[in-house]
Each structure stands twice: as C-alpha cells, then as structure tokens.
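*Asks:* predicted model follows, preceded by the sequence.
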Amino acid sequence: MHFHRPRLRHSLLNLILLVAALALVTPRTAHAEALLVVEADTGKVLQAENATMPWYPASVTKIMTAYVTLKAVKEGRLRLDSVLTVSPVAASQSPSKMGFKPGTQVTVENALAMVMVKSANDMAVVLAEGVGGSVDGFSGMMNATAQRLGMTQTSYVNPNGLPADGQITSARDLAILARAVIRDLPEYEYFMHIPAIRFGRRTTNNFNKLIGRYAGADGFKTGFICASGYNLVASATRDGKRLIAVVLGSTSGQARAVRAAQLLERGFASNGLGWLRPSLGAVDNLVPIDATPPNLREEMCNGKRKRPATDEDADTTMAAASEGQSPALAFFSAGLQAPTAKPSELLAAAYTAGEPMVVYTGPKKTGPELIAAVAADDQKQDTRRGKKSRVAVAAKKPDADKPKSEAKSEAKTAARTEATKPAAKPAAVRHANIKPDAAAAKPAAAAKPVAAAKPVAAAKPAAAAKPVARPAEKPAASGDKPAAKPAKPNAAAKPKSESKPAG
C-alpha cells in the first residue's frame, strides 16, 4: 500500500496548484479600484490589480509637492526655516485649507507639516510659489521630476490635486514615487508620518488612519475628490522589511485604510508557499494601460449618496473590503495563508501616534518666542470664532422679518408693562425677542392686578389688553418659521464639506 503515497502526494500538489491557478485567473466582480503592494527596497511587486490604470490622484499629489520641495532644501536652494508668504492665489484655494489671509507668513517646515497632515491646499500653493515662482512653474518641475523617476503615466497641473483633467497618475507611478522618497530623502522622511499638528488650540490628526493605529505604519498620504474616490499611499515596516501599499478609488476613508492594512498584512505574512504565485516582476516593469481615468463622481458624490468626505462607516466597509472573492479564492490568492487578523481588528487598536507637531505662522521660533507665537495664533482663532458667532446671531434675529402690526403690538405691550412693572422691562424685551408667544402671555397676566384695583380709568386698559394677546398668538406661529429658516443653509452646506480632505 505504500506505493500509493507518492501518487497521493502528487495528486494533492496538483490540486493545490489548480486551485491557486483558478484563484489567480478567475475574474472578480467589477470594481472601480486599483491596488498595488511592493517591497520598498527592491521594488518587487507582491500584488497588483489595475495597477497601471490611469487615475485621478487627488491629494496624494502632495507627495510629489513635498518631494520637489524637500529636494530643493537638500540641494541648498531653500531652507526649512525659509519664510514664505501666502498670496491671494494661495488664499483662494478650496478646502481643505488653513485659511490664512494673504500676506501671512509661514516657514517651509510648517507649511510642509500642514500639507502632509491636514492636506492644506492653500499651503501646497504657498510651497509651489516659493519653490517654482508660480503654480505653473512648479507644475513644470513636478512633471520633470516624474519623468526622471520613470513615472510615465503621470502629469501635473497643480500642486494640491484639486480637480483638473490634466492631473493624472497610476498606482504604479505612485509606488515609484514613494520608493524615491524613501531612497532619496531619508533625512526628511519624517514629514510622511507626522501623527498630528497643533495650531493654536486646534489639533488635527493625520488623515492617514494607519498612522498610530496599524503596527509599523510610517507613511504617506491620503486623497479624495469625487472623480477619484478615496485614495491612499501607505507604508509600514516590520522586522526590517518595508512595504508600500497603494489603494485608489475606495468607497470611504475607512475602507481605503482597511484595504491598505489588508494588503500590508498579506505582504508581511511569511509563508512557505509563496512560490505558487507567479512572479509579477518589478514595479517599474509593469506595462501601462492606455485608457481614460475612470470618473467616479456619480458613484461617490451623486444626490442619493449624501455623505461627508471623511473616514467613516467602518462596519459596512469591512465587508466591502473583501467583496468580489470567495473566502477560498481569497485564501489562495493571498499565498495560501489567511490574514492573521480580521479586517475589523486591523485598525481597532488605540491611537498611539505620540504628541502633535506644533505649527505656527511667522518666522521660525523657539522657547518663549514659540510659546508667544502659539498664543498669538490662538488669539486669532478666538477672534475669528467671535466674528462668526456674531454673524450667526445676527442671522438668527427675527426682528427684521416681523410684520409692522406685530412690532406695534409688542411696543404697546412693552409700554403697558413698563407702566405697571418698571423693573421687569429688560426681561420682557428679552423674552419678546426669543419667544413672542411667551412674551405676550406676561403682559396679559400683568394686567390682572390693575383690574383688581377697580379704578374706573384703569379698567379700560385692562380690557384693551385682551386684543393684544390675540394678535400675539398669530405672529408666534409665524415667528417660529423665521427662527427655523437659518438652520436650513447649514444642512444644505454639508455636501460642500466633501472637498475638505481632498484628503
């Protein structure tokens, strides 16, 4: 019976090879998503799906913005403490942004931190103008750098990734760029994984959810516009091995982070059957696809899908991160080893990224000067908040919208209240502005003591108080409506926040 064992082993091996081959060639459900995992040091491709499909980069553009800027610093053409000035062009950029007024000064170092953590579009333009003289000049430098690095599918027309037809890249090219940052700028690479920034009293965590949550995460940048979906270039290092993962076109901020974590987990998983997967070669050798970038605007930002451009819906996106493959096929396509953690557990760890980097306006400062600068920026924030509050209060006042008849009734009521109860005048006026129906009830109640005194002359005003109470009830209903109207623009403004993270 022993002569059957070699034949059995051979059959099992053939079965494993067949299942693995089916997993690799079986078409998946169509998804507008591009995925890529490569080894940072060698460029070896571990997994690739639509990796050479042209794509709108959104704010992952800022990786190139940072690369070109830091190369200028490294070559001595600029310093991290060089002071740049916010221009009207920079100040006019759409969110996400710092919102500084034209003429505000900021150092290169602080501008870079704001770009890489908060994805500040205005600061990206400040850097572009400081390094290249103008947005067009800097875009030319970005394109020249892309060609030098072998990013053959990439073109830039702006430094921040805001929507533009000529702003195109691919997962392949982004992985090449990430490798270049690691290789060429090791002394400045910390800009790629700053956990958070603090400006005044406001702290902003890195939009890259892997930072501080996924073990070993150390880069790079997120991006979002309606046409691109949610993008992420991520990296992580474990046991001396560093991997780069690119996710383009994901369905939410949470989904892109989970997908990247899954790709990294599979890449780090050591297994003895990885040889079953066919070699995908080096990232530079992936063959580009000549096609138009998919436009996901209808899917991401149509009227039926009202959602902010932010990381969200963790529970639903966990399932979406693995859809399109059966558990068995996913098992084999991952190198015959299941992921070591469930998607819901990959980013469940407590946030442990460390202290935020303090950023500020003006020249470089240290010690007491830095403390004073932070306090000054904090004061400016309070001033802006105060102005916004006054504008909001002014917008909510219904007095301007009240009918003249209602205003006259309230004036008469206030006059009678003042005559009978002088000390209560301020309270009566205050209540009349907030709740007209409650204010109208008080004068009517105040008229009763006058009737109790039974003077002949005083009886008439007491009777006259009744008609005043009746008209006051009608404006009370109409008074509620103006008070509710200011809330509607706030709700309508929500879709505008989708452009915020452009990140």
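*Replies:* Here it is on my side, so go on.
*Asks:* could you measure Leu232 against Lys221, distance?
*Replies:* 8 Å (Cβ to Cβ, to the nearest Å). The C-beta positions use only the backbone N, C-alpha and C, and glycine is treated the same way.
*Asks:* neighbour-wise, which of these two wins?
*Replies:* Higher neighbour count among Leu232 and Lys221: Lys221, with 32 against 27, using other Cβ atoms under 10 Å.
*Asks:* ok, the more buried one - contacts?
*Replies:* 59-60, 62-63, 116, 119, 192, 208, 232-233, 503 (Cβ atoms under 8 Å, 6 or more residues apart in numbering).
*Asks:* filter the residues you listed down to just the ones in helices.
*Replies:* In helices, defined here by DSSP state H, the members of those are 62-63.
*Asks:* just the pLDDT at the residue lying closest to Leu149 once chain neighbours are set aside, thanks.
*Replies:* Distances taken as Cβ to Cβ, 6 or more residues apart in numbering place Ala180 nearest to Leu149, at 5.2 Å, with adjacent residues excluded. Note for Ala180: predicted pLDDT of 98.
*Asks:* contacts for the helix or strand hosting Ala180, please.
*Replies:* Element membership for Ala180 (DSSP states H and E) is helix 171-184. By Cβ under 8 Å, 6+ apart, the surrounding residues in contact with helix 171-184 are 34-36, 38, 40, 43, 48, 50-53, 55, 57, 60, 63-64, 66-67, 71, 146, 149-154, 189, 192, 219-220, 233, 235, 242, 244, 246, 248, 283-284, 286, 288.
*Asks:* restricted to strands, list these.
*Replies:* When DSSP state E is applied, these are split such that 34-36, 38, 48, 219-220, 233, 235, 242, 244, 246, 248 fall in strands.
*Asks:* so, low pLDDT: which residues of the stretch 151-300 of the chain?
*Replies:* Counting by pLDDT under 70, the ranges of the stretch 151-300 of the chain that qualify are 270-277.
*Asks:* one step back: run a quick neighbour tally on the residue nearest to Leu149.
*Replies:* 20.
*Asks:* can you give me the distance of it to Val374?
*Replies:* Taking Cβ to Cβ as the measure, Ala180 falls 34 Å from Val374.
*Asks:* average pLDDT across stretch 57-77?
*Replies:* Rounded mean pLDDT across stretch 57-77 is 98.
*Asks:* in that stretch, what counts as buried?
*Replies:* 57-73 (16 or more other Cβ atoms under 10 Å).
*Asks:* hmm, back to that, would you turn the contacts of Lys221 into CSV with distance to Pro294?
*Replies:* Formatted as CSV, the contacts of Lys221 follow (distance: Cβ to Cβ, whole Å):
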residue, distance to Pro294
Ser59, 18
Val60, 16
Lys62, 22
Ile63, 21
Met116, 26
Ser119, 22
Met192, 27
Asn208, 23
Leu232, 17
Val233, 18
Gly503, 20
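*Asks:* tell me where the stretch 1-150 of the chain has strands.
*Replies:* 34-39, 45-49, 83-85, 105-107 (DSSP state E, counting those that start in this stretch).
*Asks:* low-confidence bits of the stretch 351-500 of the chain, can you list those?
*Replies:* Low-confidence segments of the stretch 351-500 of the chain, defined by pLDDT under 70: 353, 381-500.
*Asks:* try 50
*Replies:* For the stretch 351-500 of the chain, the stretches with pLDDT under 50 are 393, 395-500.
*Asks:* ok, now which ones touch Gly99?
*Replies:* Asp122.
*Asks:* distance check, it against Pro356.
*Replies:* Taken as Cβ to Cβ, the span from Gly99 to Pro356 is 18 Å.
*Asks:* please enumerate the helices of the stretch 201-350 of the chain.
*Replies:* Taking DSSP state H, counting those that start in this stretch to define them, one finds helices in the stretch 201-350 of the chain at 253-268, 297-301, 314-320, 327-333, 343-346.
*Asks:* on the three-state scheme, Val358 is what?
*Replies:* Secondary structure state of Val358, per DSSP: H, G, I helix; E, B strand; the rest coil, is strand.
*Asks:* please name the bridge partners of it.
*Replies:* Arg198 (DSSP bridges).
*Asks:* report how many residues lie close to it.
*Replies:* With other Cβ under 10 Å as criterion, Val358 counts 18.
*Asks:* over to Thr352?
*Replies:* By other Cβ under 10 Å, the residues close to Thr352 number 9.
*Asks:* contacts only, for it.
*Replies:* 212-213.
*Asks:* mind checking which helix or strand it is in?
*Replies:* Per DSSP H and E, there is no helix or strand for Thr352.
*Asks:* so what's Gly219 up against?
*Replies:* 178, 181-182, 189, 192-193, 208, 233-235, 244.
*Asks:* who's it bridged to?
*Replies:* Ser235.
*Asks:* separation between it and Gly249?
*Replies:* Distance, Gly219 to Gly249, using Cβ to Cβ: 20 Å.
*Asks:* again with Asn143
*Replies:* For Asn143 relative to Gly249 (Cβ to Cβ), the value is 23 Å.
*Asks:* between those two, who's got more neighbours?
*Replies:* Of the pair Asn143 and Gly249, Gly249 is the one with more neighbours under other Cβ under 10 Å, namely 25 against 17.
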